[in-house]
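K.L.:
Provide a 3D model corresponding to the input given below.
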Amino acid sequence: MTAIMVQGTSSGAGKTTIATAVCRALSDRGHSVAPFKAQNMSRYAHRAGGGLVSRAQAVQAVAARCEARPDLNPILLRPAGDDSSDVYVNGRLLARMRAREYYAFARGRGLRAARAALRRLEASHDIVVIEGAGSPAEINIGSGDIANMAMAEAARAAVVLVADISRGGAFAAVVGTMALLEARHRRLVRGILVNKFRGDARILRRGYARLERATKKPVLGTVPVMRVGLPEEDSMGDAPARRAMPRPAALGAACSRLAREVGRHVDFGALEAMACR
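P.N.:
Take a look at the predicted model:
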């Protein structure tokens with residue numbers, strides 16, 4: 001069994017999109033593929049296999065041409081406030097937990113549930129494409145982080161580290177992430193992918209050479225900014241592309257994008273699509 005894991009230097013680096021693309025690319029090559037994310041925080045869920053999974057993993061299942069089921073996202077957190085979430089395990093609501101309570105749960109029962117789901121996918125597919133959560137270098141979480149290197153170790157996965165270069169600081173984010181990882185985890189990282197680049201990629205060559213010297217990892221490629229149409233997981237993601245409307249609109253609509261309203265802004269995607277036709 002082969003596993004590929006997409007991790008990021010931060011939230012919003014493009015892990016979900018890259019993992020979705022990898023699922024489709026491997027499926028197109030004739031492999032039996034399944035996406036997997038041990039823990040996802042999202043208001044948006046998809047009903048599958050008698051339970052709920054994150055909408056992102058349901059979209060990845062379409063890309064992988066596999067059945068959407070709770071094993072793809074064994075732990076789903078649906079925010080219920082600044083410090084609490086409804087915790088779904090294997091598609092079913094377990095309890096509402098505060099952050100400290102959840103991290104204690106994650107280190108025990110949560111980790112066991114995630115590993116068991118991963119093993120079931122390994123048994124029924126050629127390749128599992130695993131998506132991380134946030135950054136693997138969130139040292140304040142410690143052993144409570146079960147979505148990143150804990151899963152990479154469980155699957156013996158080849159990890160690709162994705163950095164968002166569109167907002168600046170990507171090189172420092174990569175070097176800092178690698179520096180904060182434990183040595184055994186650094187060995188799992190096979191390469192670096194620079195995402196959301198605008199312009200002439202040749203200007204990155206000198207920076208890439210220094211990055212490779214600093215991290216001892218190759219830069220695997222540069223992904224340009226593109227509009228792919230996948231829904232954002234949170235409201236602080238990339239702003240929708242602005243397109244000129246062919247005629248004056250009879251009715252205008254506006255939607256706030258607030259940090260605490262995780263994912264809710266995409267409810268208005270249909271209005272945006274209508275306005276831009």
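K.L.:
Quick one: name whatever helix or strand follows the host helix or strand of Glu212.
P.N.:
Glu212 belongs to helix 205-215 when assigned by DSSP states H and E. Note on helix 205-215: by DSSP H and E, the next helix or strand toward the C-terminus is strand 219-224.
K.L.:
Contacts only, for the nearest residue to Met97 once chain neighbours are set aside.
P.N.:
Counting by Cβ to Cβ, 6 or more residues apart in numbering, Met97 lies nearest to Val87, which is 5.3 Å off, once chain neighbours are set aside. Using the backbone N, CA and C atoms, a C-beta is placed for each residue, glycine as well. By Cβ atoms under 8 Å, 6 or more residues apart in numbering, the contact list for Val87 reads 75-77, 93-97, 102, 105.
K.L.:
what does Ala3 give?
P.N.:
Per Cβ under 8 Å, 6+ apart, neighbours of Ala3: 122, 127-130, 155-158.
K.L.:
now do 6 Å
P.N.:
Residues near Ala3 by Cβ atoms under 6 Å, 6 or more residues apart in numbering: 128, 130, 155, 157.
K.L.:
Go ahead and confirm His46 touches Arg55.
P.N.:
Yes - the criterion here is Cβ atoms under 6 Å, and His46 meets it with Arg55 at 5.0 Å.
K.L.:
on that earlier part again, quick one: the residue nearest to Met97 is in a strand?
P.N.:
Yes - secondary structure of Val87 (DSSP: H, G, I helix; E, B strand; the rest coil): part of a strand.
K.L.:
Check which residues of the longest strand anywhere in the chain are buried.
P.N.:
Longest strand of the chain, by residue count under DSSP state E: strand 189-197. Using 16 or more other Cβ atoms under 10 Å as the test for burial, strand 189-197 gives 189, 192-197.
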